[in-house]
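In: Next come a sequence and a model predicted from it.
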There are 2 protein chains.
Amino acid sequence: MTIQSDNNQLLVQAIEQMKASIDNGIFKEKELLPSEFELAKKLGISRTVLKEVLHILEEENIISIKHGFGTIVNAKPLFSTGIEQLGSVTDMIRQSGKIPGTQYISTELIQPTENDIKRFKPKTMDIIAQIKRVRTADGQPVVYCIDKVDKQLLPLEQVHTQDSLFSLLESYSNKYISYAIANIEPIGYHDQISATLNCDPDQALLLLKQMHYTQDDEPVLYSANYFRADMFSFSVLRKRV
Amino acid sequence: MTIQSDNNQLLVQAIEQMKASIDNGIFKEKELLPSEFELAKKLGISRTVLKEVLHILEEENIISIKHGFGTIVNAKPLFSTGIEQLGSVTDMIRQSGKIPGTQYISTELIQPTENDIKRFKPKTMDIIAQIKRVRTADGQPVVYCIDKVDKQLLPLEQVHTQDSLFSLLESYSNKYISYAIANIEPIGYHDQISATLNCDPDQALLLLKQMHYTQDDEPVLYSANYFRADMFSFSVLRKRV
């Protein structure tokens, strides 16, 4: 056996040991790992091999190396879904076995912005209803939602009684949301929203800006949903063009 | 006309004026806006109305408010694409009218990690080729790519001669990539990669971790692509489940 393959074996063993320690909760999510000196000693490897171990774990998104600060164990997402499949946030939380809840921030009537007018075309509206909410899973804030909707379609006084706007649109105005066109944006830190979602400063958010349509292509609901990336994991099937 | 509707009209006018100033380059991308005092004076509105204007522009992702620092004009993405459509990064850059280029960071043979083994199942490999590259558009770094591939499928000595691994896989091993399953992850700041891509500290990245398959479902290529979010904009059609 060559020195090179010996080293490779040590590397693979050390990676497996680190993953097991994280799975077993010896190294806890969102907490700092021990110092490189201690880790190398514990794993019985050199600092050079340890650096490679940490580098590979970082590439697999299991840890985050913060230079000058330390290395943090990343949290595993609670909710996984194909992004092509549109469900209400309520349903996503329920399907993960958690209890969905809502904290209402504001419900107001506003003038549509220039972008709102473009989004809701060909529909024209003088006034739209804007609802800001924090969605919770077992009481923990996980998504920040800004929804905009034609005030004719939604009984604003009933918004607080029903978590799912999808359901409310169906029962009140017989509008069944059939699809949405979503823009996908990563957000590093948002001064106001990250704080509301109890995010650490380095916790990224995935913003989906979605225009929802009925099966007759009627635009009915615009949502900006900020998902905590440590809680939600989205995948997509990409077909070659 | 009521005081309320007067205020609304002022608000809408001020938003349009701000957008025009950004479009015309009076307020430049990635630069600080003037102080709130100056802006309110320039727009002829109160500080209260200005705060609302800035808040709406932030929600539309046109500006970013950094408390204690100032307000920055966001850059507009250069490349827009439906995320369901899989094209090579080379093609994406070319389609936007820019010249694609590549800076090679490293090409090496490595042992597959535990996750690599899972990803490439049922294929087994002792050694895989790992290629790290920065993709450029008109010379500017825009995507950081880590590719992993069975070394039998790719002539490593030719990797430097051909920007597109998709094309190289086709011509060398007759493997045509038909689809990929991608995980979508927002990244706030990545110590090493953000610096390589010349990102500002608050420039987020969109990470697509993609396993690529042939039409016979053979796993052939794994890519972790870090896209500068100010350069690339991805959308998706979500259908109701």
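Out: Happy to help now that I have it. Everything numeric in this text was worked out from a predicted model, so none of it was measured. Numbers count the residues shown, from 1 in each chain, chains lettered A, B, ... in the order given.

In: I'd assumed A:His160 was in a strand, is it?
Out: No. Going by DSSP: H, G, I helix; E, B strand; the rest coil, the assignment for A:His160 is helix, not a strand.

In: Check the burial of it by counting its neighbours.
Out: 12 (other C-beta atoms under 10 Å in any protein chain shown). Where you see a C-beta, it was placed from the backbone N, CA and C, and this is true even at glycine.

In: try A:Gly70
Out: For A:Gly70, using other C-beta under 10 Å, the count is 14.

In: so what's it up against?
Out: A:Leu32, A:Leu33, A:Ser35 (C-beta atoms under 8 Å, 6 or more residues apart in numbering or on different chains).

In: And what about the closest residue to the second one other than its chain neighbours, helix, strand or coil?
Out: Once its chain neighbours are removed from consideration, A:Leu33 has its nearest residue in A:Thr71; the separation is 4.5 Å (C-beta to C-beta, 6 or more residues apart in numbering or on different chains). Under the three-state scheme (three-state DSSP), the conformation of A:Thr71 reads as strand.

In: most surrounded residue in the contacts of A:Gly70?
Out: A:Leu33 (20 neighbours).

In: Quick check, that residue in contact with A:Phe69.
Out: No. Look at A:Leu33 against A:Phe69 with C-beta atoms under 8 Å: they stay out of range, at 11.3 Å.

In: Please name the nearest non-neighbouring residue to A:Pro155.
Out: A:Tyr172 is the one closest to A:Pro155 (C-beta to C-beta, 6+ apart), at 5.4 Å.

In: what's the answer for A:Ile99, then?
Out: In space, A:Ile99 is closest to A:Asp138, 5.5 Å off (C-beta to C-beta, 6+ apart).

In: From A:Lys132, how far out is that neighbour?
Out: Counting by C-beta to C-beta, to the nearest Å, the separation of A:Asp138 from A:Lys132 is 21 Å.

In: which of those two has more neighbours?
Out: A:Lys132 (17 against 13).

In: Now do stretch A:95-115: distance from first to last residue.
Out: 33 Å (C-alpha to C-alpha, to the nearest Å).

In: Next, the buried residues of that stretch.
Out: By neighbour count with 16 or more other C-beta atoms under 10 Å in any protein chain shown, stretch A:95-115 contains the buried residues A:Ser96, A:Lys98, A:Pro100, A:Gly101, A:Thr102, A:Thr107, A:Ile110, A:Gln111, A:Pro112, A:Thr113, A:Asn115.

In: export the lengthiest helix in chain A as PDB, just CAs?
Out: In chain A, assigned by DSSP state H, the helix with the most residues is helix A:3-23. Output of helix A:3-23 as PDB, limited to C-alpha atoms (Å, rounded to 0.1, in the frame of the first residue of the first chain):
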ATOM      1  CA  ILE A   3       1.600   6.400   1.400                       C
ATOM      2  CA  GLN A   4      -1.000   8.100  -0.900                       C
ATOM      3  CA  SER A   5      -3.600   5.300  -0.500                       C
ATOM      4  CA  ASP A   6      -2.900   5.100   3.200                       C
ATOM      5  CA  ASN A   7      -3.700   8.800   3.400                       C
ATOM      6  CA  ASN A   8      -6.900   8.400   1.400                       C
ATOM      7  CA  GLN A   9      -8.100   5.700   3.700                       C
ATOM      8  CA  LEU A  10      -7.500   7.900   6.700                       C
ATOM      9  CA  LEU A  11      -9.300  10.700   5.000                       C
ATOM     10  CA  VAL A  12     -12.400   8.600   4.200                       C
ATOM     11  CA  GLN A  13     -12.400   7.100   7.700                       C
ATOM     12  CA  ALA A  14     -12.200  10.600   9.300                       C
ATOM     13  CA  ILE A  15     -15.000  11.900   7.100                       C
ATOM     14  CA  GLU A  16     -17.200   9.000   8.100                       C
ATOM     15  CA  GLN A  17     -16.400   9.500  11.800                       C
ATOM     16  CA  MET A  18     -17.200  13.200  11.600                       C
ATOM     17  CA  LYS A  19     -20.600  12.500   9.900                       C
ATOM     18  CA  ALA A  20     -21.400   9.800  12.500                       C
ATOM     19  CA  SER A  21     -20.500  12.300  15.300                       C
ATOM     20  CA  ILE A  22     -22.900  14.900  13.800                       C
ATOM     21  CA  ASP A  23     -25.700  12.300  13.200                       C
END
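
In: ok, now which ones touch A:Thr113?
Out: B:Val12, B:Ile15, B:Ile56, B:Glu60.

In: and the residue nearest to A:Ile99, how far is that from A:Gln158?
Out: From A:Asp138 to A:Gln158 the distance is 25 Å (C-beta to C-beta).

In: And the helix or strand bottoming out on mean pLDDT in chain A, what does it pack against?
Out: In chain A, no helix or strand scores lower on mean pLDDT, DSSP states H and E than helix A:3-23, which sits at a mean of 79. Helices and strands touching helix A:3-23, by 3 or more C-beta pairs under 8 Å, 6 or more residues apart in numbering or on different chains; DSSP states H and E, are helix A:36-43, helix A:47-59, helix B:114-119.

In: winner for burial among these?
Out: Among these, ranked by average contacts under mean count of other C-beta atoms under 10 Å in any protein chain shown, first place goes to helix A:47-59 (a mean of 17).

In: Show me where chain A has its strands.
Out: Taking DSSP state E to define them, one finds strands in chain A at A:63-66, A:70-73, A:79-82, A:85-86, A:100-110, A:128-137, A:140-150, A:177-187, A:205-214, A:219-228, A:232-240.
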